[in-house]
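K.L.:
Quick check, what structure comes out for this input:
(chains A, B and C)
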Amino acid sequence: MMGVGEKIGKLWDSDMAYSLRASRLTLAALAVLVLGCLLAFLAPWLAPHEPSNLGALNLSDSLLPPAWMDGGQASYFLGTDDQGRDVFSAILYGTRISLIVGVISVLLSMAIGISLGLVSGYLGGKVDALIMGLADVQLSFPSILIALLIDGVARTVLAKVMHENISYLVVILAISLSGWVTYARVVRGLTLLEKNKEYVQAAHVIGVHPFKVMLTHVLPNVTGTVFVLATLHIGSAVMIEATLSFLGMGMPPSSPSLGTLISTGNKFLFSGEWWIFVFPGLVLVALILAVNLLGDWLRDFFNPKLQ
Amino acid sequence: MIAFFARRLLQATLVMLTVAFLGFLLFQYVGDPVNNMLGSDASDAERALLRKNLGLDQPIVVQFGKFVGNAVQGEFGLSLRQGRQVSALIKERFSATIELSLVASLLALLIGIPLGVYTAVKPKSGLSKAFLTVALAGVSLPTFLIGILLILVFSVWLGWLPSYGRGDTIAWGWWSSGLFSASGWQHLILPAITLALFPLTLIMRLVRAEMLEVLRTDYIKFSRARGLSRRQIYFTHGLKNTLIPVITISALQLGSIIAFSIITETVFQWPGLGLLFIQAVNFSDIPVMAAYLCFVGLVFVAINLISDALCRLVDPRLRIK
Amino acid sequence: MALLDVRNLSVEFKNRRGNLKALDDISLSIEAGEVLGIVGESGAGKSLTSAAVIGLLQAPGYVSAGQILFDGRRIDNLPAEEMNRLRGREIGAIFQDPLTALDPLYSIGQQLVETIQAHLDLNVDDARVRAVELLQETGIPGAAERFYAYPHQLSGGMRQRVVIALAIAANPKLIIADEPTTALDVSIQAQIMLLLKQLGARHGSAVMLVTHDMGVIAEVADRVVVMYAGRIVETGPTREVIHHPRHPYTIGLMNSIPKLSGTAERLQQIDGAMPRLGSIPSGCAFHPRCRQVHERCLRERPETFTAGLSKVACWSVKEEQVAA
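P.N.:
All right, here's what the predicted structure looks like:
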């Protein structure tokens, strides 16, 4: 039986950890991500103010610069926006929203993609043709456009207030529906390969449902690729959400994500109140960059041809 | 060859029909199609007449047929927001988006491909590492952020370039072009760079990845063994073999430029189809949304056909069929 | 003076656990016009040797010691440009898989012409004529029409002929053939090997033939080098090595070839397996599997001794000589 210390030692010495340690950039990226997640998770406890509580906002405190500049106040560390919202608190909550929306969208996307891929590959024939046809058509449309369309339809169909309350659901739906295709394709490819193998037929003879057998064999093989895809997808999901919010189609000002904050900041950037734009912008870029670096490293690590 | 074209055209038509069907669903069932066609000012009599003409009581297939018939002629009813013919609106703004997209596409290709080759052939050079870092930034910075930053640096701080609008344009019929005036170009540069950056970095990374793969193949090894010059190895044999995936994915990227122009046009207030679309979404202007959807579908299908034809030109193995 | 003289060549691979020695102190030579066979199992280092000679060692491998002399000149440390000029012109190479050796996007005629023009000062028309001649020489029927064919339109055997044509296009003094027939049908193998030998004789080129197939060596090679675990264990005239093998490994190899004459119950084999790069035994690399192992074999790597017409690296052989 290995003690915990030995187990950690083994992990530390494994190929993966070695490669990770060797690239300081990737380590930094991982650190940034972990920090970001921690801050976001602990937002309710760390944030000095509540940016979404409209009643708590003090309009006389609006457009204050960061604490270290003239006119700044210590309690509003990074300054305030035009509604008197504390930028620091808004960033903490905004990161939280951006990350949650990003991760859930990707998970949902994965679920849809993997299921459709399995079904498509396993059943073949017309079902396969239909699903792949849909995938092809959808691939022609960039995620932004699909997300905008879904959001637009939601807006038309739902009343304004209801829409605001479930806006994050709409955004999640929009992003997941636009991203499932890659997962589906990968899984379908592998399913097709496995389907013809003998153990599937053998399972049929024994009486085990071949679908169950394939699940236990296809899924483990897919994990590496899917993991890489998902990591890179999170970066793109966060970007899409930020873009949607910036365009006014995503998270509303009542529960702003980083994109919404940047959109507000943009209005005041050129009149001198730069902090509303710059700080959320920096955080957003840091997050996406970190996720992309990590995803890149993962992809190189799992690439069999480089080993 | 004819058989190939016939088959691809059939596929293209199917895709267009699917897209049109989605547009149709939008048009007929989201919101009120009568409103979509006539606007909110029409009289009851006009509405009743239109309802009968549209055959809203008829089977879906017939309605869809009418929709397609109209769409092919560019007839999408009236914009709910502006009360004008959608077709007129599209005509006005078409050239702005197309020019911006074309310039951005050219930028992405003309810079992306050579840089991709360079970073693959000389992976350890300092310049390569610099390019790759910029590429990473390009993929990690959202388009709107790039746009705003460019405006900040080049318009506000340096004052070299304007930050919104199209500048002076020349009109030919319904096409207006900003390519023939200095002011037109000045207005075009920043939005074009903003729009080109993402596809540029993707193309660069793609060319690099494919090039690295190709450089490992046996035929490249054999061309080295044959003593061919570096130019022959890297370009005649190396680059050409990367073209198939590069053409395919570049086509996808360039097609998506049309859609990404939504963001760029918003940031730079560029009077194109993208800005029109965003305003439509904000306003729930369904006819415009449906029209834009069909337009984007058309662009994609066209680009895919062209990229297919190009692939066949490059690779003799695809010509067997 | 030998055409090719490899002296004490060592090739190493850097990896995160340290350096791996893939070739350990190899020495061999080829005279002008002769066919030298290099035989050994997969992983013995044969292909690495040929890659090192033509300067196409793939990173992270590198020449860590020794020299390679061609026509009296050192070529292992030449700048890239000069080495490139040597390739194709003085040293030609044929690799294993003809299906992937040719660029699928260009016709074989185009690839021939570009090779010819790269080394010989001919204009396009003359180059085309020479290209068709080469195709005819390598036995491709309908050469003039096949000139315009694409690689995927030819069979494996034909493609290998095209590859050979490309390799001899500039009349090199040395042709390296790395497993040229392994990927081909058995019936074609003999034809291709014969072609290689004939071309070599006709153009006066030497051939370095790398293969794991003793049968091919027996047919074509004048002399043979037997490799094991990155080292050379025996070198000698083909007939001598085949009929009078001296190194225990070579003896094992010859014994394991099924013979038509005589009777036998079972196939003979050498127990165990060739060691992998990271775990080569001390002393003689073969000692764990050797039936004639002595105590010295575990400690010291054997030097090379002359025995009859061959040279052998084995302590046991030395003992026999001393005893005789």
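
K.L.:
which residue packs closest to C:Asp271, ignoring adjacent ones?
P.N.:
Leaving aside its sequence neighbours, C:Asp271 sits nearest to C:Arg289 (Cβ to Cβ, 6 or more residues apart in numbering or on different chains; 5.9 Å). Every residue, glycine included, has its C-beta placed from N, CA and C.

K.L.:
Repeat that for A:Asp151.
P.N.:
Counting by Cβ to Cβ, 6+ apart, the residue nearest A:Asp151 is A:Met249, at 4.7 Å.

K.L.:
Stretch C:25-43: how far from the chain's middle?
P.N.:
6 Å (Cα atoms, centre = their mean, to the nearest Å).

K.L.:
What's the mean pLDDT across it?
P.N.:
Averaged across stretch C:25-43, pLDDT comes to 89.

K.L.:
burial measure for residue 137, as a count.
P.N.:
No chain was given, so I picked chain A. Counted by other Cβ atoms under 10 Å in any protein chain shown, the residues lying close to A:Val137 total 19.

K.L.:
was after chain C, sorry
P.N.:
Neighbours around C:Glu137, by other Cβ under 10 Å: 18.

K.L.:
for A:Tyr122, same thing?
P.N.:
Neighbours of A:Tyr122 under the rule other Cβ under 10 Å: 20.

K.L.:
Tell me the spacing between it and A:Lys212.
P.N.:
Distance of A:Tyr122 to A:Lys212, computed by Cβ to Cβ, to the nearest Å: 11 Å.

K.L.:
overlap in contacts of those two?
P.N.:
Common neighbours of A:Tyr122 and A:Lys212 are not found (criterion: Cβ atoms under 8 Å, 6 or more residues apart in numbering or on different chains).

K.L.:
where along chain B do the helices fall?
P.N.:
All helices of chain B, identified by DSSP state H, fall at B:2-29, B:33-38, B:44-54, B:60-72, B:86-121, B:126-140, B:143-150, B:182-214, B:218-225, B:230-231, B:240-268, B:273-283, B:286-314.

K.L.:
Name the residues of the first one that are buried.
P.N.:
This means helix B:2-29. Using 16 or more other Cβ atoms under 10 Å in any protein chain shown as the test for burial, helix B:2-29 gives B:11-12, B:15-16, B:18-20, B:22-24, B:26-28.

K.L.:
returning to what we had before: can I assume the residue nearest to C:Asp271 is in contact with C:Pro275?
P.N.:
No: if you go by Cβ atoms under 8 Å, C:Arg289 and C:Pro275 don't touch, sitting 9.1 Å apart.

K.L.:
Touching, C:Ala101 and B:Thr217? I think so.
P.N.:
No: taking Cβ under 8 Å as the definition, C:Ala101 is not a contact partner of B:Thr217, at 9.3 Å.

K.L.:
So for the buried residues of helix B:2-29, which is the shakiest by pLDDT?
P.N.:
Lowest confidence among the buried residues of helix B:2-29: B:Gln28, with 72.

K.L.:
which residues touch C:Ser282?
P.N.:
C:Leu298, C:Arg299.

K.L.:
show me where pLDDT drops low in chain C?
P.N.:
C:259-262, C:264-267, C:321-324 (pLDDT under 70).

K.L.:
Show me what residue of it gets nearest to chain A.
P.N.:
Scanning chain C for proximity to chain A using Cβ to the nearest Cβ identifies C:Arg16 as nearest, at 7.0 Å.

K.L.:
how about that residue, phi and psi?
P.N.:
Dihedral angles phi and psi of C:Arg16 (degrees, to the nearest 10) take the values phi -70, psi -20.

K.L.:
Can you get me a residue count around it?
P.N.:
C:Arg16 has 8 nearby residues by other Cβ under 10 Å.

K.L.:
Equivalent analysis for C:Gly18, please.
P.N.:
For C:Gly18, the neighbour count with other Cβ under 10 Å is 9.

K.L.:
for it, phi and psi?
P.N.:
phi 130, psi -160.

K.L.:
Kindly report the same for C:Ala22.
P.N.:
Dihedral angles (degrees, to the nearest 10) for C:Ala22: phi -90, psi -30.

K.L.:
got it, and the one 4 residues further on?
P.N.:
In this entry, C:Ile26 is assigned phi and psi values of phi -90, psi 140 (degrees, to the nearest 10).

K.L.:
secondary structure class for the closest residue to it other than its chain neighbours?
P.N.:
Excluding the flanking residues, the one nearest C:Ile26 by Cβ to Cβ, 6+ apart is C:Leu9, at 4.6 Å. Classification of C:Leu9 by DSSP: H, G, I helix; E, B strand; the rest coil places it in strand.

K.L.:
Over to C:Val225?
P.N.:
Here C:Val225 is recorded as strand under three-state DSSP.

K.L.:
Point me to the helix or strand that includes residue 296.
P.N.:
I went with chain A, as the question did not name one. A:Asp296 is part of helix A:275-302 when elements are defined by DSSP states H and E.

K.L.:
ah, no, chain C please
P.N.:
Here C:Arg296 is assigned to helix C:295-299, by DSSP H and E.

K.L.:
May I see the buried residues of that helix?
P.N.:
Residues of helix C:295-299 classed as buried by neighbour count (16+ other Cβ under 10 Å): C:Cys297.

K.L.:
got a list of contacts for whichever helix or strand comes after it?
P.N.:
Per DSSP H and E, helix C:295-299 leads on to strand C:305-307 as the next helix or strand towards the C-terminus. By Cβ under 8 Å, 6+ apart, the surrounding residues in contact with strand C:305-307 are C:Arg246, C:Lys311, C:Val312, C:Ala313, C:Cys314, C:Val317, C:Lys318, C:Glu320, C:Gln321.

K.L.:
Repeat the analysis, applying 7 Å as the threshold.
P.N.:
C:Arg246, C:Lys311, C:Val312, C:Val317, C:Lys318, C:Gln321 (Cβ atoms under 7 Å, 6 or more residues apart in numbering or on different chains).

K.L.:
With adjacent residues omitted, what lies nearest to the fifth one?
P.N.:
Pointing back at C:Lys318 there. C:Phe305 (5.2 Å).

K.L.:
The residue of the stretch 101-250 of chain B at minimum distance from chain C and chain A, how far apart?
P.N.:
Here the stretch 101-250 of chain B gets closest to chain C at one residue, B:Gly227, 2.7 Å apart by Cβ to the nearest Cβ. Counting by Cβ to the nearest Cβ, to the nearest Å, the gap from B:Gly227 to chain A is 27 Å.

K.L.:
Could you pull up phi and psi at that residue?
P.N.:
For B:Gly227, the backbone dihedrals (degrees, to the nearest 10) come out as phi 80, psi 30.

K.L.:
which residue is nearest the middle of chain C?
P.N.:
Nearest to the geometric centre of chain C sits C:Val210, at 2.4 Å (Cα atoms, centre = their mean).

K.L.:
my guess is it meets C:Gly45, correct?
P.N.:
No: C:Val210 is not in contact with C:Gly45 according to Cβ atoms under 7 Å; the separation is 9.9 Å.

K.L.:
Next to chain B, which bits of chain C? Give me the list.
P.N.:
C:54, C:56, C:84-85, C:87-89, C:93, C:95, C:97, C:100-105, C:114-115, C:118-119, C:150, C:152, C:166 (Cβ under 7 Å from any Cβ of the partner chain).

K.L.:
and these, which are buried?
P.N.:
Neighbour counting over these (16+ other Cβ under 10 Å) leaves C:54, C:56, C:84, C:87-89, C:93, C:95, C:97, C:100-103, C:105, C:114-115, C:118-119, C:150, C:166 as the buried ones.

K.L.:
Summarise which helices and strands the helix or strand in which C:Leu195 is found is packed against.
P.N.:
If you go by DSSP H and E, C:Leu195 is part of helix C:186-203. If contacts are counted by 3 or more Cβ pairs under 7 Å, 6 or more residues apart in numbering or on different chains; DSSP states H and E, helix C:186-203 sits against helix C:156-168, helix C:214-220.
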